[in-house]
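Undergrad: Sequence and computational prediction follow.
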Amino acid sequence: MNSDLIQYIQEAKVSGMSDGEIQAELLSVGWNHGDVRQAFLDNISPELENPPIEQSEKIEAVVSVRGLIKHYGSVRAVDGIDFEIPKGSILALLGPNGAGKTTLVRMLGTLITPDSGQALIGGHDVIKSPDDVRKIIGLTGQFSAVDMVLTGRENLVMIGRLCHLSKLEAENRARELLIRFGLSDAADRQVKTYSGGMMRRLDVAASIIAHPEVLFLDEPTTGLDPHGRIELWHIIKELVAKDVTVLLTTQYLDEADHLADQIVVIDKGKIIAKGTSQELKAQVGGDVLELHLTDHSQAHRAAAAIEALGIEKPRIEELEAHIFMPVRGGASVLADAIRRLDQARIDLADIVLRRPTLDDVFLKLTGHVAG
Ligand SMILES: Nc1ncnc2c1ncn2[C@@H]1O[C@H](COP(=O)(O)OP(=O)(O)OP(=O)(O)O)[C@@H](O)[C@H]1O
Ligand SMILES: [Mg+2]
């Protein structure tokens, strides 16, 4: 354990810097990425990790999560997660399969009880006051929860009634949501005849029937076509503009990039990075040089030819004959790379220098590509 690094992180946290800002600063002054990541994982003194949630934070943050842990047998599905979501903002929880996203959402939605830690939703504790939490949240689970035998309209009216709306209110709200979610034409058909995308839209509609203050969406756009995804993004943004606070999980980096005010990246139950999209991209430390070769058997020779220009080793995707490498130095690096590849007689289909994407961040943090 590197005590200088840990001391620096503790002081920076006390001074109010976000994890993303601290990580970006440490990397920019030359700390090795692996050490920084380990220092965050080993983390730090227990008092700093799980300080009691202050009254002032309850007002500021609509969702406050501290040191949340959930085991399934020997699996630590969620292993000490902390974050806060200010009112009327979106936090995207990003992580690969099995990272712990659904387990976390189910704890915040009071469907399962945490083993330890604390989570406050609108000031209500999920363990001590689950009924108060349920009154102010909506939840769309990862898998459809609507009744296949009922029609779309009947599902929404039934859920409205369960949320204590009068019959008339439930019918009006169902009509309004069916229009907003583009389901009017299918409203009186049994849900088992719906496409996957229609069912997903009905699920989300059901979760906002009672005008929740806080909305949890577990992979809301998985299975939607590009048009359906963009339409749902609009709906989520409209809700946030009306001060709804949203936590969504996703495996799509572009979704997090497009929607989220804050992104929390988790892997194996732990947070491995936190920050805005810009802060996370700054961790890649420069631009990305991307090559496409016409002949994939040349990939290793091409990587060797450009390796000296990178701030990290090139990554080869052999089957597609793609090479990616983080670089610093702008357009001069591009000219240099082309010269070296030409000297090594590599046949290039394409070469670009681009800003890092969240895919690059994810790969750097986890060692594997997202999704
Ligand atoms: N009911 C359960 N019983 C036992 N293990 C479970 C249970 N639910 C989840 N797990 C385990 O906990 C870990 C986290 O699972 P979780 O479903 O929260 O991940 P996820 O990030 O939502 O993954 P995905 O992207 O595939 O939905 C996994 O190792 C999973 O196998
Ligand atoms: Mg899941």
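TA: Nice, I can see it. Residues are numbered from 1 along each chain as shown. Ligands and ions are numbered 1, 2, ... in the order given.
Undergrad: Just the helices from the stretch 51-200 of the chain, written as ranges.
TA: Applying DSSP state H, counting those that start in this stretch to the stretch 51-200 of the chain gives helices spanning 55-60, 101-108, 130-136, 152-162, 167-180, 196-207.
Undergrad: Dump these to CSV, plus mean pLDDT.
TA: Converted to CSV, the helices of the stretch 51-200 of the chain look like this (pLDDT from 0 to 100):
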stretch, mean pLDDT
helix 55-60, 48
helix 101-108, 97
helix 130-136, 95
helix 152-162, 96
helix 167-180, 96
helix 196-207, 92
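Undergrad: most packed of these?
TA: helix 101-108 (a mean of 24; mean count of other C-beta atoms under 10 Å). No exception for glycine: its C-beta is placed from N, CA and C like everyone else's.
Undergrad: Centre of the chain to that one, how far?
TA: 13 Å (C-alpha atoms, centre = their mean, to the nearest Å).
Undergrad: Tell me if that helix is near ligand 2.
TA: Yes. Helix 101-108 is in contact with ligand 2 by C-beta under 5 Å from the ion, via 101-102.
Undergrad: what helices or strands is that helix leaning on?
TA: If you count contacts as 3 or more C-beta pairs under 8 Å, 6 or more residues apart in numbering; DSSP states H and E, helix 101-108 packs onto strand 61-72, strand 75-86, strand 90-94, strand 116-121, strand 214-218, strand 245-250.
Undergrad: One more pass at 6 Å, please.
TA: Under the contact criterion of 3 or more C-beta pairs under 6 Å, 6 or more residues apart in numbering; DSSP states H and E, helix 101-108 touches strand 75-86, strand 214-218.
Undergrad: Any stretches of the stretch 251-371 of the chain with poor pLDDT?
TA: Applying pLDDT under 70 to the stretch 251-371 of the chain flags the ranges 318, 320, 368-371.
Undergrad: for it, what spans make up the strands?
TA: 262-267, 270-275, 287-293, 315-317, 322-327, 348-354 (DSSP state E, counting those that start in this stretch).
Undergrad: For those, state which one has the densest average packing.
TA: strand 262-267 (a mean of 24).
Undergrad: quick one on the thing from earlier: tell me which of the helices and strands packed on helix 101-108 approaches Ile112 most closely.
TA: strand 75-86 (9.7 Å; C-beta to C-beta).
Undergrad: Same list, the strands of the stretch 251-371 of the chain, but as TSV with distance to ligand 2 please.
TA: Output for the strands of the stretch 251-371 of the chain, formatted as TSV (distance: least, C-beta to the ion, whole Å):
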stretch	distance to ligand 2
strand 262-267	11
strand 270-275	16
strand 287-293	29
strand 315-317	26
strand 322-327	28
strand 348-354	30
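Undergrad: ok so, going back, take the helices of the stretch 51-200 of the chain and write them to TSV, including distance to Leu289.
TA: Listed next are the helices of the stretch 51-200 of the chain as TSV, based on distance: least, C-beta to C-beta, whole Å:
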stretch	distance to Leu289
helix 55-60	42
helix 101-108	32
helix 130-136	48
helix 152-162	49
helix 167-180	44
helix 196-207	37
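Undergrad: Dump those to JSON lines, plus distance to ligand 1.
TA: Formatted as JSON lines, these follow (distance: least, C-beta to the nearest ligand atom, whole Å):
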{"stretch": "helix 55-60", "distance to ligand 1": "26"}
{"stretch": "helix 101-108", "distance to ligand 1": "3"}
{"stretch": "helix 130-136", "distance to ligand 1": "19"}
{"stretch": "helix 152-162", "distance to ligand 1": "23"}
{"stretch": "helix 167-180", "distance to ligand 1": "26"}
{"stretch": "helix 196-207", "distance to ligand 1": "15"}
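Undergrad: Quick check: the residue of the stretch 251-371 of the chain nearest ligand 1.
TA: Gln251 (6.0 Å; C-beta to the nearest ligand atom).
Undergrad: want to throw the strands of the stretch 251-371 of the chain into a markdown table with distance to Gly367?
TA: As requested, these are exported to a markdown table (distance: least, C-beta to C-beta, whole Å):
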| stretch | distance to Gly367 |
| --- | --- |
| strand 262-267 | 9 |
| strand 270-275 | 10 |
| strand 287-293 | 16 |
| strand 315-317 | 10 |
| strand 322-327 | 14 |
| strand 348-354 | 21 |
